[in-house]
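1. sequence first, then the predicted structure:
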Amino acid sequence: MAAHETTGPPAGDDGPVSAPTPSDLDLLHAHVAGDQHAFAELFHRHRDRLWAVALRTLGDREEAADALQDALLSAHRAAGRFRGDSAVTTWLHRIVVNACLDRIRRRRAHPTVPLPDGVRDAEGGATTGGVEPTAPAPDHDTALVVRQALAALPMEQRAALVLVDVQGYPVAEVARILGVAEGTVKSRCARGRARLASTLRHLRPSAAASPVRAGGNVPTVTPGNPGPVGDVRSGSGRSRRDTNLEDS
């Protein structure tokens, strides 16, 4: 070995430099290129918020889990058609919301009758309904009433309220997720809040002293970005999952 050659890192080198964390877009491109672990990493990075959106939109854990599974399969297959017109997270949320709305449409087309509280199913499974053991009864009852009121909203209003008021997304981001104008998001939220204020007024001791008047202020039951009520038309009911995936 020559005298000037040395072993070990050069002077001033603190050791190997860790690779930068890949962006969402890097992971999606890696998945398309054949990386078997990239999509799983992308999902794990955002799963908590995606799950929260699905659960709040559907109000049922099994339905939410199935919708999230459907959405991830759709995203996995459609990744190659992602054009980058929006953030990857916006694209993922759009697919999850559409999967939830598809399930709501199917549920309305084929309604089922739930078992009464405390009744076991034919297979001897766990009871359905009833108070969750870890939740205080008054809090559970109030949460149940709120969930039922949210579930009774038109699905477009429910999706907007879940994203804006429950998850805290900015209106502009929700507009991109839902594929509608910002004014439409504000309108749906305002209409949804007005419905909830009317349905849940009995939960507020002061509600009787501040009735909702035509053209007046709506008592606030959820935080968010209230906006003027516009002319909102309901959707056709046709499944939008394929149309809202990024086209090739």
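-> Received, thanks.
2. which residue packs closest to R61, ignoring adjacent ones?
-> L55 (6.5 Å; CB to CB, 6 or more residues apart in numbering). Where C-beta positions appear, they are placed from N, C-alpha and C, glycine not excepted.
3. in the host helix or strand of the one you found, which residues are buried?
-> Following DSSP states H and E, one finds L55 within helix 38-58. Counting neighbours by 16 or more other CB atoms under 10 Å, one finds that the buried residues in helix 38-58 are 38-39, 42-43, 45, 49-51, 53-58.
4. in the helix or strand that that helix is followed by, which residues are buried?
-> Downstream of helix 38-58, the first helix or strand assigned by DSSP H and E is helix 61-78. Using 16+ other CB under 10 Å as the test for burial, helix 61-78 gives 63-64, 66-68, 70-72, 74-75, 78.
5. could I get the residues you listed as a markdown table with distance to M155 and pLDDT?
-> Conversion of these to a markdown table gives the following (distance: CB to CB, whole Å; pLDDT from 0 to 100):
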| residue | distance to M155 | pLDDT |
| --- | --- | --- |
| E63 | 13 | 94 |
| A64 | 14 | 94 |
| D66 | 16 | 95 |
| A67 | 12 | 96 |
| L68 | 17 | 96 |
| D70 | 16 | 96 |
| A71 | 16 | 96 |
| L72 | 21 | 95 |
| S74 | 18 | 95 |
| A75 | 21 | 96 |
| A78 | 22 | 94 |
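6. among these, which one lies nearest to A159?
-> Nearest to A159, judged by CB to CB, of the buried residues of helix 61-78 is A67 at 12.0 Å.
7. before we move on, the earlier item: from the buried residues of helix 61-78, which is closest to R108?
-> Proximity to R108 was ranked across these by CB to CB; first place goes to E63, at 12.6 Å.
8. hmm, back to that, and the furthest pair within the buried residues of helix 61-78?
-> Maximum distance among the buried residues of helix 61-78 (CB to CB): 22.0 Å, for E63 and A78.
9. quick one: work out the angle between the helix holding L55 and helix 61-78.
-> With axes from the mean of the first three to the mean of the last three CA atoms, to 10 degrees defining the directions, helix 38-58 sits at 140 degrees from helix 61-78.
10. for helix 38-58, list the C-alpha coordinates in PDB.
-> Below are the C-alpha coordinates for helix 38-58, written out as PDB (Å, rounded to 0.1, in the frame of the first residue of the first chain):
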ATOM      1  CA  ALA A  38     -43.400   0.900  -2.400                       C
ATOM      2  CA  PHE A  39     -47.200   0.900  -2.300                       C
ATOM      3  CA  ALA A  40     -47.400  -0.700   1.100                       C
ATOM      4  CA  GLU A  41     -45.100   2.100   2.400                       C
ATOM      5  CA  LEU A  42     -47.300   4.700   0.800                       C
ATOM      6  CA  PHE A  43     -50.400   3.200   2.400                       C
ATOM      7  CA  HIS A  44     -48.900   3.000   5.800                       C
ATOM      8  CA  ARG A  45     -47.800   6.600   5.600                       C
ATOM      9  CA  HIS A  46     -51.400   7.800   5.200                       C
ATOM     10  CA  ARG A  47     -53.500   4.900   6.500                       C
ATOM     11  CA  ASP A  48     -54.700   6.700   9.700                       C
ATOM     12  CA  ARG A  49     -56.300   9.600   8.000                       C
ATOM     13  CA  LEU A  50     -57.700   7.400   5.200                       C
ATOM     14  CA  TRP A  51     -59.200   5.100   7.800                       C
ATOM     15  CA  ALA A  52     -60.700   8.000   9.700                       C
ATOM     16  CA  VAL A  53     -62.300   9.400   6.600                       C
ATOM     17  CA  ALA A  54     -63.800   6.000   5.700                       C
ATOM     18  CA  LEU A  55     -65.000   5.400   9.200                       C
ATOM     19  CA  ARG A  56     -66.600   8.800   9.700                       C
ATOM     20  CA  THR A  57     -68.200   8.700   6.300                       C
ATOM     21  CA  LEU A  58     -69.800   5.300   6.700                       C
END
